[in-house]
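Visitor: Need a 3D model of the sequence below.
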Amino acid sequence: SYPHRCCPCSSKQPSMALSKRLNVRLPPEVNRILLVKNLPFSISAEEMYDIFGKYGAIRQIRVGNTPETRGTAFVVYEDIFDAKNACDHLSGFNVCNRYLVVLYYQPTKVQKKVSVETKREEIDRIKAKYGLGTPKAQ
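Guide: All right, here's what the predicted structure looks like:
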């Protein structure tokens, strides 16, 4: 017969850990995606799973493999609280005599940076088109 009273699953109250999570308000920058910088260039995805997997289930790890992205990685956790725990504990962690920089990935900051560069290029094109910003010939 359901519900039964022999075990905690029959209570209508959420578990203690779950209720603590429901009452926690995280800062707005906290998300499931971590940006990791200052990694040794020789680090493998398996080593990344060993380091970051201790803090929870990982959905994906992307290790940079181009000259511009070497030494960086993205770590995507299944749960936002696991990502927060990893960020709190692994920022400054020493790997092969390099101290990790672990941040929350913020795509809006990346987009703002790109849009500022785009706007600057657009302004330079307009200045060139109308001969603005250059010294006048005498």
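
Visitor: what about the protein, any weak spots by pLDDT?
Guide: The chain contains residues with pLDDT under 70 at 1-23, 109-114, 134-138.

Visitor: 50 instead, please
Guide: For the chain, residues meeting the criterion pLDDT under 50 lie at 1-16, 19.

Visitor: for it, longest helix please?
Guide: Identified as the longest helix of the chain according to DSSP state H is helix 107-130.

Visitor: Need phi/psi at the residue nearest to the spatial centre of the chain.
Guide: With distances taken as CA atoms, centre = their mean, L34 lies nearest the centre of the chain, 2.3 Å away. Main-chain dihedrals, L34, degrees, to the nearest 10: phi -110, psi 140.

Visitor: in this structure, which spans are strands?
Guide: 33-37, 58-63, 73-77, 94-95, 98-99, 101-104 (DSSP state E).

Visitor: now those in CSV, with distance to A86?
Guide: The C-beta positions use only the backbone N, C-alpha and C, and glycine is treated the same way. Listed next are the strands of the chain as CSV, based on distance: least, CB to CB, whole Å:
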stretch, distance to A86
strand 33-37, 6
strand 58-63, 9
strand 73-77, 7
strand 94-95, 14
strand 98-99, 15
strand 101-104, 7
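
Visitor: Could you check how far the residue nearest to the centre of the chain is from I126?
Guide: Computed as CB to CB, to the nearest Å, the L34 to I126 distance reads 39 Å.

Visitor: if I pick I61, what's in contact with it?
Guide: Counting by CB atoms under 8 Å, 6 or more residues apart in numbering, I61 touches 45, 48-49, 52, 73-76.

Visitor: 7 Å instead, please
Guide: Residues counted as contacts of I61 (CB atoms under 7 Å, 6 or more residues apart in numbering) are 45, 48-49, 73, 75.

Visitor: Buried ones only from those, please, as a PyMOL command.
Guide: Provided next is the PyMOL selection string for whichever of the contacts of I61 are buried by 16 or more other CB atoms under 10 Å:
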select buried, resi 48+73+75
